[in-house]
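S.K.: just to be clear, the model below is a prediction. Sequence and coordinates:
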Amino acid sequence: MLRSALLVAAGICACDAFYLPGVAPKQFLNGDKVPVKVNKLVSVKTQLPYEYYSLPVCQPPVVEDAAENLGEVLAGDTIENSLYELNMNKFKFCSILCKKTYSEADIKAFQERIDDDYRVHWIIDNLPNAIRVYDEEDPTAVHYERGFPLGIAAEDPRSETKPTHIYYLYNHIRFNIKIHTDPASFEGHRVVGFEVEPFSIKHKYESWPSDPAETPYLETCNDGKRVDHTMNPQDINSPTDVVWTYDVMWESSPVKWASRWDVFLKGSPDDQIHWFSIINSLMIVLFLTGMLAMIMMRTLHKDIAKYNEEVTAEEAQEETGWKLVHGDVFRPPRFSPILLSVCVGTGVQVFMMVVALMFFACLGFLSPANRGGLMTAMLLLFVFCGCFAGYYSARMYKMFGGKQWKRNTLLTAMLYPGVVFAVFFVLNLFVWHEGSSGAVPFGTLFALLVLWFGISVPLAFLGSYFGFKKEEIKNPTRFNQIPRQIPEQAWYMHPIFSILVGGILPFGAVFIELFFIMSALWLSQVYYVFGFLLIVLVILVVTCAEITIVMCYFQLCSEDYNWWWRAFLTSGSSALYLFLYSILYFVTRLDMTKFTAGFLYFTYMWIISATFFLLTGTVGFLACFWFVRKIYAAIKVD
């Protein structure tokens, strides 16, 4: 069972009277058919999913695809029917699925998938199959993993020269279905567990009947003989015949339907690590908060009070620091004000999407049972948040004195989504070339374009219209016609150095949680601790805001008033550390063997890093903008 502290942190409320659409419990009476759906073949080595029927396995005469949402299509899920026949509470032993004759090409296809550690994923009642994994150090410790291996490769002891492998195929599957029955609340049974135990068995038979209606006699498991791991395995090293069989076992379980996903969540890292991450991040926040409080309450309060006193001209000339640049601090940025406006607008769009996504996730709307829901919700929320991008981009650009509002709006609506879509399209061509089910169909690509141009772009123009129509932001001080000369800066105030230093703390606040997220993305693990993620998100926002304000104050004290872009880049530079961490993660945690897999990994991590750059950079910029306006509004200027 999932720990109660984790449930509280995740903000999940169990309610018997309410279920999300598509994930309501289904009841089966004795003898009712329990459909087995095949999903896909997945490998962490290649990151390229394939349809289950891409291999020459037993398949029904008519393969029917299940309806899939946008997120499932983008994830490469292909849910189809199967030949397996399961009936509630009806046991089966060594039931024959089919017999297949494999050629050299078929054998090679199996061997390639086994070499790449592909795992088979099936679904019963919207629950993925699980396999028991025992701890080598503690045999009593058991955890569950999704999917099961397609086969196994072992070194041939007869080979005296270079090592060769003997490939064995898991051609016998034992279904261990756990069911929960509660006569007080409902009639029938609910599926609460779907375990699979694979076997490699070389079945023996004298002859195979030509009439499909006749049941062949298998010497290996008829007459009450049970299949076990001591039987001769089924090798696939040369053309051969393979008989596919299966057992069906039913077991009563005390686990309730609402807790049936706990077997996967228990396999995730201990929540103590998450709490350690949060406490570590809180220490960073407290340190920055203390420094910021010292600046605001001691230095700034004292400086403002002294500056506002009536002083002589000679005393005024002796003033130094941030107060002397009041005539230049709100001068528009020297480099591309329109690009800065676009980055801020897009960053606000990403931030609003993340906040809304976390809200729905913590309410339980994006549970693992709602397959593809997270990806679908993320895309739709980003599209509908286009109005925020247009509005804030227009407001910033108008404050900078920009006149090319059409160009600003087009860049806001097209730049970031256009770059992401172009990169995604190129990646999709690579995946399509590999024949993977992860290749997004052109119909779905067209649907993404419709979402972009049909909803996001019009909303961006609508937000931009109201942003430009609204009165221009009035800053506390006006900037002089002639720019003030910036004095020579100390080495530690160099823009590159200060920007890189500023990004360390925001990254340090999230990197432990980032490890779990990346494991879910690239190692097929389940991530469902959205409560912890929400806390880390709040800490990230506070850290970005505080470190940017502190670094900006030091910069202004050095009489350097070019703070606009540096404020964005200070916290945004944490994305650089994220990408560097992804390189370390690739080297230490992943074992990708194909160029396409590595190319996909680094390209997607670049997109994630760019999105993180916009998010953190915008948070830091807006906090710094508020800070600068506050302190210069508190001084008296003629």
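M.R.: That came through fine.
S.K.: tell me the first helix or strand C-terminal of the biggest strand by length in the chain.
M.R.: In terms of residue count, the longest strand belonging to the chain (DSSP state E) is strand 240-252. The helix or strand immediately downstream of strand 240-252 is helix 262-265, counting by DSSP states H and E.
S.K.: and that following helix, how far out from the chain's middle?
M.R.: If you compare the mean C-alpha spot of helix 262-265 with that of the full chain, they lie 18 Å apart, counting by CA atoms, centre = their mean, to the nearest Å.
S.K.: how about stretch 582-602?
M.R.: When C-alpha coordinates are averaged (CA atoms, centre = their mean), stretch 582-602 and its chain have centres 16 Å apart.
S.K.: and the closest residue to residue 260 other than its chain neighbours, what is it in contact with?
M.R.: Computed as CB to CB, 6 or more residues apart in numbering, the closest residue to residue 260 that is not its neighbour in sequence is residue 192, at 4.1 Å. From N, CA and C alone the C-beta is placed, and that goes for glycine too. Residues in contact with residue 192, defined by CB atoms under 8 Å, 6 or more residues apart in numbering, are 178, 179, 180, 253, 255, 256, 257, 259, 260.
S.K.: report the buried residues of the longest strand of the chain.
M.R.: Of the residues in strand 240-252, those buried under the neighbour-count criterion (16 or more other CB atoms under 10 Å) are 240, 242, 243, 244, 245, 246, 247, 248, 250.
S.K.: ok, the fifth one touching residue 97?
M.R.: Yes: with contacts counted by CB atoms under 8 Å, residue 245 reaches residue 97, the gap being 6.2 Å.
S.K.: next SSE after the one helix or strand residue 497 maps to?
M.R.: When secondary structure is defined by DSSP H and E, residue 497 falls within helix 495-502. Note on helix 495-502: by DSSP H and E, the next helix or strand toward the C-terminus is helix 504-522.
S.K.: tell me what that next one is packed against?
M.R.: Using 3 or more CB pairs under 8 Å, 6 or more residues apart in numbering; DSSP states H and E as the contact criterion, the elements in contact with helix 504-522 are helix 271-294, helix 530-557, helix 574-589.
S.K.: what does the first one rub up against?
M.R.: Counting contacts by CB under 8 Å, 6+ apart, the residues outside helix 271-294 that touch it are 3, 5-6, 9, 505, 508-510, 512-513, 516, 529, 532, 535-536, 539-540, 542-543, 546-547, 549-550.
S.K.: which of the residues you listed are buried?
M.R.: So, by 16+ other CB under 10 Å, the buried ones in these are 6, 9, 505, 508-510, 512-513, 516, 529, 532, 535-536, 539-540, 542-543, 546-547, 549-550.
S.K.: related to what we said a few turns ago, pull out the CA atoms of the helix holding residue 497 and give them to me as CSV.
M.R.: Only the C-alpha atoms of helix 495-502 are listed here, as CSV (Å, rounded to 0.1, in the frame of the first residue of the first chain):
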residue,chain,number,x,y,z
PRO,A,495,27.8,39.3,-17.0
ILE,A,496,28.8,35.7,-18.0
PHE,A,497,30.1,34.9,-14.5
SER,A,498,27.2,36.4,-12.6
ILE,A,499,24.7,34.7,-14.9
LEU,A,500,26.2,31.3,-14.6
VAL,A,501,26.4,31.7,-10.8
GLY,A,502,22.8,32.7,-10.6
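S.K.: state the mean pLDDT of it.
M.R.: The predicted model gives helix 495-502 an average pLDDT of 90.
S.K.: again with stretch 536-554
M.R.: Summarised as a single mean, pLDDT over stretch 536-554 is 90.
S.K.: host element of the residue lying closest to residue 425 once chain neighbours are set aside?
M.R.: By the measure of CB to CB, 6+ apart, the closest residue to residue 425 outside its immediate chain neighbours is residue 445, 7.0 Å from it. Assessed by DSSP H and E, residue 445 sits inside helix 442-451.
S.K.: could I get the buried residue list for that helix?
M.R.: 447, 448, 451.
S.K.: show me what the next helix or strand after that helix is in contact with.
M.R.: The first helix or strand that comes after helix 442-451 along the chain, using DSSP H and E, is helix 457-469. When contacts are taken as CB under 8 Å, 6+ apart, the neighbours of helix 457-469 outside the stretch itself are 383-384, 386-395, 398, 405, 408-409, 412-414.
S.K.: if we go to 10 Å?
M.R.: Contact with helix 457-469 is made by 341, 345-346, 348-349, 383-398, 402, 405-406, 408-414, 417, 451, as judged by CB atoms under 10 Å, 6 or more residues apart in numbering.
S.K.: longest helix in the chain, please.
M.R.: helix 595-633 (DSSP state H).
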